[in-house]
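1. Turn this into a model:
(2 chains)
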Amino acid sequence: MTEYSRRRFLRVATGTGAAVVLSAAAGTAPAAAAPQGPRVYVLVVDGLRPDEIGPVLTPTLLRLREAGTHFPAARSLPVTETIPNHVMMMTGVRPDRSGVPANSVYDRAEGAVRTLDRPADLRGATLLDRLAATGRTTGSVLSKEYLYGIFGERASVRWEPFPIVPVSGHAPDLATADALIAMVDESDPDLVFCNLGDVDRVGHTDLTGTTLRAARSAALWATDLVVGRFVRHLRDTGRWASSVLIVLADHSMDWSLPHRTISLRSTMEGDPLLERRVAIAQNGGADLLTFTGPDAERAEAVARMRRLALATDGVLSAHEPGQLRLGPEAGDLVVYCRAGWRFTDPQVWSNPIPGNHGHPATAPIPFFVTGGHPAVTPGTSSAPARTVDVAPTVGALFGLPEPDGGYDGTARLAPVPASPR
Amino acid sequence: MCPRVNSRAQSALSRREVLRAGGALAATGAGLLAVPPAAAAAAGPFAHGVASGDPLPTGVLLWTRVTPAAEALPGSGAGPEVSVRWEVALDEAFTRIVRRGTVATGPARDHTVKADVTGLAPGTWYWYRFRLGGAVSPTGRTRTAPATGSALARLRFGVVSCSNWQAGHFSAYRHLAERDDLDLVVHLGDYLYEYAPGGYQAGEVLVRPHDPPVEMTTLEHYRRRHAQYKTDPDLRALHARVPFVVTWDDHESANDAWSGGAENHTEPAEGTWAGRRAASQQAYAEWMPVRYEPGGRLYRRIAFGALAELSMLDLRTYRSRQAAHPLDPVISDPARTITGSEQLGWLTAGLVTSGAQWKLVGNPVMIAPVRFPSTLSTRELEALSQLTGPLEGVPVNVDQWDGYTADRARVLGALRDHGVRDTVFLTGDIHSAWAAELPADPLTYPLTRDSVGTELVCTSVTSDNIDDILGVPPRTASVGVEAAIRVANPHLKYVELDSHGYSVVEVTPAAVQMDWFALADRTDPASAARHNASFVVRAGTQRVQRTGEPLR
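-> Residues are numbered from 1 along each chain as shown, chains lettered A, B, ... in the order given. Prediction:
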């Protein structure tokens, strides 16, 4: 990895009057007058459900989708949480290779449950650093503090999310879009990786999620406007013909009623072998269970954990982490809830929010490749696009070689020819 | 399930009908059984045509029936053992024959022939024919499925169900055969009916009588009835034109069949149910172009590249007895089943792990909940109940998935819990056209419109529906009934209770669309057909939407 301490700060004025501060690796060139190769913008609308794209609330997203290649069979990958899926997008490898299986894990070394938000948590290279190493400029505009945390200074130009909304730990989309536009103007990166957090953050707390989705709908509408502003900026500055936008979500969202909660902690505590020897990392719709007792008892303990979990109301399934291509960081057992339920661990009051993800019900995501670049073709593809496909797709656009060990994903560029046989 | 033809009123009518229609028929009585079916002998050894079915990427099943000697009549058990040769070519003139073989047959399998051809190329049209001695069969055309996992821009097929010989002519099959755009035909059951002449026909009109002229209960009956259906020129033309993928519903054995009996089965007068069902299944295996042999498993899955897969269900062999009435609490008893636990596990596991974009389910009876409105008149309710089963005022047809709500909850729950998208149930049985969404939660559906899948129901080829039962002109009394049903069931987006005909389904990566076509007159062998309605399910939406644009 390169030395990140040699960096400079750029203060950029924006169209909305706010000032945006970007940090850049030393030697990063400011924007050239006219873009040369493709400009790729990976826009993650955090937590967006594919069925939420429509003419009323999200006309911009709908238009973009119709102009590009749409992958209606697209899905997020386990665990369907923000950090692991953003890591899969940028690495092109599954969590058993990247070391990032969930937002929250039990850290055996530290003996505590924690968020995977440190640069060292992510093993191996990402597109942001691999592409930068070829002399191109990469940028990250990540609205969530923990995303900024784990991707750290890998991109050549970074925006640190600001201002941060208390509790949610993310910057509002208005600020994120300001930063995105400022970065494009200032550094014109070949690749920008951008996360828009409002739709997810508002979804989590929408108490009308199971019925009206009032707050969620407002967020969808506002985020769509923000995306529209970015697209307009690309057009107004002559960049559209060289732009490829990969628009997707990291996971979708499922709402549960207040009584549909599962606390595995209390279930495990009732078993003498497991009592005080199970650590639970709660990831909304997925609980990651780790046995903290001696290795000799692990096999029996995991068998009991599985049995107890599967006997619990609202539990859908339990899996060895390897089955889901998760590494040892995921602990000993991954337990999923059913749709309309959520985990609340370690305590029954730990997770009060109605909107959750992490379970298979939240795997379907929007995924489309759009923009004005000639590589973009309109159409629909049956291909099973996944979050892990973003890196190979972007890599193919730049002619970047595969990483060591190859990609776990597939480049998704052209749809099936539209004409029938 | 289909119409309740054995109600007391209907039976009385049937008896009158028999007496009025045929003094001769009634007088001859059981002696008629000995009379040979009309079309058999004269047309040479291939009088029942050729067919193909269950296409795979590199293979397809070919079918025919030979009449090697005058006495080898269907169901007779007479006639010699013979060898039948088959040929598969890349062209209609058979200049490029790619596969050939020989199949032995004889009276043990009623002289039917099934050749499971392998070693073919994916997504390819082939022509095939059979030879017996110097005789050559008519030529059939068939198509293999696309290569496993391959991208496919379009799949188009006909969808049909409920073809009752006595209720009319099979013009629906002719119109499908005349099309040049179909990859296959899916038949969702009630391919033939068990009734005697007068038992069940076109309202009060017997358009053409069944052979044998008794309710089929024995192997000989079932074989003869299958043979009779295969003499229909429109059905023969369609079988020769494209491969079929079929499943049975109840009338292939008897009305409202379940694992231990049937509404239209009386022991001991009609033998044991086990014996009767075995006879029906043997005749089905012999006479249908299906990869099924007696004692085997009819439910199966056929894949069409990465675009779609089609799970064909058997909802008769393993099901628990129907509830007595819609208020019977057993309808939600988790111990009762419509699929059997093995088939349910196979279905849900397949849906959850499918590699295909569209998960199509060939589903003999409706899965969408249907609640009947309380505002209908007694007469309207009676007519509806003849179409759908007993209702006695309220909610459900207990022969459909509505009568087995635990199994339905398991299927729809699996779709919801695993985030399975783009599941479309293709359904027959109910002699009417429906397009429905499948609510994830019926309580919140009116607010959220959260749906876990969709259902498209084709109407009957000929079997009676509402206007026939009410004895009124089409699009009169039914219109009000349809409106009332839709008000009581917001997830039902289309209900049309009058027309007979067929559907055409197109599957593309962007959408699934069903077009419904209605016959002008099912009793007219030359009936015209016209486009009646079209609904589209766009990818990822789990919603049905009317479209004014039929498929081109």
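2. What residue in the stretch 351-500 of chain B comes nearest to chain A?
-> Closest contact between the stretch 351-500 of chain B and chain A, by Cβ to the nearest Cβ, is at residue B:357 (3.8 Å). (C-beta placed from N, C-alpha, C; glycine too.)
3. any idea how far residue A:272 is from the nearest residue to residue A:341 once chain neighbours are set aside?
-> In this structure, residue A:341 finds its nearest non-sequential neighbour in residue A:314, 3.9 Å apart by Cβ to Cβ, 6 or more residues apart in numbering or on different chains. Residue A:314 sits at a distance of 24 Å from residue A:272 (criterion: Cβ to Cβ, to the nearest Å).
4. Over to residue B:470?
-> Distance from residue B:470 to residue A:272, by Cβ to Cβ: 70 Å.
5. Neighbour count for the two, which is higher?
-> For residue B:470 and residue A:272, the more surrounded residue by other Cβ atoms under 10 Å in any protein chain shown is residue B:470, and the numbers stand at 21 against 8.
6. can you point me to the longest helix in chain A?
-> Ranked by residue count under DSSP state H, the longest helix found in chain A is helix A:214-236.
7. From the contact counts, what lies against that helix?
-> Secondary-structure packing of helix A:214-236 (3 or more Cβ pairs under 8 Å, 6 or more residues apart in numbering or on different chains; DSSP states H and E): strand A:39-45, helix A:59-67, helix A:173-187, strand A:191-196, helix A:198-205, strand A:243-248.
8. Go through that helix and flag the buried ones.
-> A:215-217, A:219-220, A:222-224, A:226-231, A:233-234 (16 or more other Cβ atoms under 10 Å in any protein chain shown).
9. Hmm, residue B:339 and residue B:315 touching each other?
-> Yes. Using Cβ atoms under 8 Å, residue B:315 makes contact with residue B:339 at a distance of 6.5 Å.
10. more crowded one of the two?
-> residue B:315 (30 against 24).
11. list the contacts for that one?
-> Contact analysis of residue B:315 by Cβ atoms under 8 Å, 6 or more residues apart in numbering or on different chains lists B:249, B:338-339, B:363-365.
12. go on, residue B:323?
-> Contacts of residue B:323 (Cβ under 8 Å, 6+ apart): B:330-331, B:398, B:403.
13. What remains of those residues if I keep only buried residues?
-> B:331, B:398, B:403.
14. Looks to me like the second one is in a helix.
-> No. Secondary structure of residue B:398 (DSSP: H, G, I helix; E, B strand; the rest coil): coil, not part of a helix.
15. pLDDT value on the closest residue to it other than its chain neighbours, please?
-> Spatial nearest neighbour of residue B:398, chain neighbours left out: residue B:323 (4.3 Å); criterion: Cβ to Cβ, 6+ apart. pLDDT recorded at residue B:323 is 89.
16. and residue B:323, helix, strand or coil?
-> coil.
17. measure it to residue B:434 for me?
-> Taken as Cβ to Cβ, the span from residue B:323 to residue B:434 is 22 Å.
18. Next: residue B:193.
-> In terms of Cβ to Cβ, residue B:193 sits 22 Å off from residue B:434.
19. What are the boundaries of the helices in the chain?
-> As the question left the chain open, I've gone with chain A. For chain A, applying DSSP H gives helices covering A:59-67, A:82-91, A:95-98, A:127-132, A:145-151, A:173-187, A:198-205, A:214-236, A:264-269, A:298-310, A:390-398.
20. Oops, wrong one, chain B.
-> Going by DSSP H, chain B shows helices at B:8-21, B:23-28, B:171-178, B:219-229, B:233-241, B:273-287, B:341-353, B:378-388, B:405-417, B:445-448, B:466-470, B:477-488.
21. looking at the helices and strands packed on helix A:214-236, which is buried most?
-> Highest mean neighbour count of those: strand A:191-196, a mean of 27 (counted as mean count of other Cβ atoms under 10 Å in any protein chain shown).
22. Partner strands of that strand and their direction?
-> strand A:39-45 (parallel), strand A:138-142 (parallel) (DSSP bridges).
23. how many other residues sit next to the closest residue to chain B within the stretch 101-250 of chain A?
-> Taking Cβ to the nearest Cβ, chain B has its nearest neighbour within the stretch 101-250 of chain A at residue A:211, 4.8 Å off. Neighbour count of residue A:211, defined by other Cβ under 10 Å: 16.
24. low-confidence ranges in chain A?
-> A:1-8, A:13-18, A:26-36, A:212, A:414-421 (pLDDT under 70).
25. Most distant residue from the centre of it?
-> For chain A, the residue at maximal distance from the C-alpha centroid (Cα atoms, centre = their mean) is residue A:272, at 38.3 Å.
26. Does stretch B:174-184 reach chain A?
-> No. Stretch B:174-184 stays clear of chain A (Cβ under 8 Å from any Cβ of the partner chain), getting no nearer than 8.6 Å.
27. Flag every buried residue along that stretch.
-> B:174-177, B:182-184.
28. Let's see the pLDDT reported for residue B:231.
-> 97.
29. need the residues of the stretch 201-350 of chain B near chain A, please.
-> For the stretch 201-350 of chain B, the contact set with chain A under Cβ under 8 Å from any Cβ comprises B:305-307.
30. any idea how far residue B:107 lies from residue B:94?
-> Per Cβ to Cβ, residue B:107 is found 30 Å from residue B:94.
31. picking that back up, could you dump the contacts of residue B:323 to TSV with pLDDT and distance to residue A:347?
-> Output for these, formatted as TSV (pLDDT from 0 to 100; distance: Cβ to Cβ, whole Å):
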residue	pLDDT	distance to residue A:347
B:330	86	42
B:331	85	40
B:398	85	46
B:403	90	44
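32. Setting aside sequence neighbours, what's the nearest residue to residue A:44?
-> residue A:195 (4.6 Å).
33. my bad, should have said residue B:301
-> residue B:311 (4.9 Å).
34. Identify the residues contacting the one you found.
-> B:299-301, B:347, B:350-351, B:359-362.
35. Restricted to strands, list those residues.
-> In strands, judged by DSSP state E, the following of the contacts of residue B:311 are found: B:300-301, B:359-362.
36. residues in contact with residue A:353?
-> Residue A:353 touches A:204-205, A:342, counting by Cβ under 8 Å, 6+ apart.
37. Present those as JSON lines; the columns should include distance to residue B:501.
-> Listed next are the contacts of residue A:353 as JSON lines, based on distance: Cβ to Cβ, whole Å:
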{"residue": "A:204", "distance to residue B:501": "50"}
{"residue": "A:205", "distance to residue B:501": "51"}
{"residue": "A:342", "distance to residue B:501": "48"}
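38. Closest one to residue A:96 out of those, please.
-> Taking Cβ to Cβ as the measure, residue A:96 lies nearest residue A:342 of the contacts of residue A:353, at 25.8 Å.
39. returning to what we had before: of residue B:193 and residue B:434, who's got more company?
-> Counted by other Cβ under 10 Å, residue B:193 and residue B:434 do not tie: residue B:193 has more neighbours, with 29 against 26.
40. Is the more buried one in contact with residue B:210, as I believe?
-> Yes. Counting by Cβ under 8 Å, residue B:193 does reach residue B:210; the two are 7.4 Å apart.
41. Overlap of the contact sets of those two?
-> With Cβ under 8 Å, 6+ apart, residue B:193 and residue B:210 have common neighbours B:165-166.
42. what's the closest of the buried ones among the contacts of residue B:323 to residue B:456?
-> Of all the buried ones among the contacts of residue B:323, residue B:456 sits closest to residue B:403, with 21.0 Å by Cβ to Cβ.
43. Dump the buried residues of stretch B:174-184 to JSON lines, plus pLDDT.
-> JSON lines is the format used below for those (pLDDT from 0 to 100):
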{"residue": "B:174", "pLDDT": "98"}
{"residue": "B:175", "pLDDT": "98"}
{"residue": "B:176", "pLDDT": "98"}
{"residue": "B:177", "pLDDT": "98"}
{"residue": "B:182", "pLDDT": "98"}
{"residue": "B:183", "pLDDT": "98"}
{"residue": "B:184", "pLDDT": "98"}
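44. Can you pick out the most distant pair from these?
-> B:174 and B:183, at 18.5 Å, using Cβ to Cβ across the buried residues of stretch B:174-184.
45. coming back round to it: check the ones in strands among the contacts of residue B:311 and tell me the two furthest apart.
-> B:300 and B:359 (14.4 Å).
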